[in-house]
Every structure is written in structure tokens, then in C-alpha cells.
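S.K.: compute the structure for the input listed below.
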Amino acid sequence: MATASPTRAGQAAESQALRHLQGQGLQLVTRNWRCRGGELDLVMLDADTVVFVEVRYRLHAGYGGALASIDERKQRKLTLAASLFLQSEPRWADRPCRFDIVALQGSGHAGQPLEWLKNAFDC
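M.R.: The predicted model follows:
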């Protein structure tokens, strides 16, 4: 059996995260929003709050796993991308915002539940 490419595995993790968040009542605004500063995996609404969701997938827990991969540098990139998103989409600019992380780990996620860290960091 061939293993999935990292890109495909990441897309599958992102789709799983999206389904989970929608099941929790969040609504999708956009997916894979790209800008010069980077990319926002998922932009969602949780009631009136704009939620910037970073989906992290790691096959192995080495180097701290998926959650540990959101370091200060990555947080700065996400904050910049969110700022650019709000500038380009002014209808969302006056709403409260937060940054969430959804982490998945293991091949096919190995039956492990995803981790959803709400309000993972401040900007």
C-alpha cells in the first residue's frame, strides 16, 4: 500500500478539521486564503467572532508534535496574514478575532482525536 504524499495528508487533515469545526457550529468563511505573507488554512465564524484556524498535521510526535510546531515565527506569519485578510475583507474587520489551532497526528490520524486549541495565542 502506498503512503499518501505529505500534501495529500495535510489536505485530508484540513478537511477533517473543517468537518469537526462545522460540527461544533462554526461556519466557513474561506479556505486556503493566500497572500504575500503566507496562508490562512481556514477562516471561520464562531457566532460573531472571526476565527483564523491553523491546521497542523504531523505523522510522528518527534520534535514535539503538531502543536509544538506553532512557534513564535509561525505566530507572526499567521498574525500578518490575518491582518492582510482583514484589510482585504473589510466586512469582517470590526468583529472580534481569535487564533485557533487544530492538531492531528499519526498515519490516518491513527484513531487519535484531533486537538482543538481555542484562542491559542494573542496578537
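
S.K.: give me the contacts around stretch 41-55.
M.R.: Applying C-beta atoms under 8 Å, 6 or more residues apart in numbering, the external contacts of stretch 41-55 come out as 10, 13-14, 17-18, 21, 25-33, 40, 70, 74, 78, 81-82, 85-86, 92, 95-104, 120. For glycine as for every other residue, the C-beta is placed from the backbone atoms N, C-alpha and C.

S.K.: quick check: PyMOL command selecting the buried ones in those.
M.R.: Remark: buried members of the contacts of stretch 41-55, expressed as a PyMOL selection using 16 or more other C-beta atoms under 10 Å:
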select buried, resi 10+13+14+17+18+21+26+29+33+40+70+78+81+82+85+86+97+98+99+100+101+102+103+104+120
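
S.K.: what's the first helix or strand after the lowest-mean-pLDDT helix or strand in the chain?
M.R.: Among the secondary structure pieces of the chain, namely its helices and strands, helix 65-68 has the lowest mean (mean pLDDT, DSSP states H and E), a mean of 59. Moving toward the C-terminus from helix 65-68, the next helix or strand (DSSP states H and E) is helix 72-88.

S.K.: name the helices or strands packed onto that next one?
M.R.: Under the contact criterion of 3 or more C-beta pairs under 8 Å, 6 or more residues apart in numbering; DSSP states H and E, helix 72-88 touches strand 27-35, strand 38-46, strand 49-58, strand 97-105.
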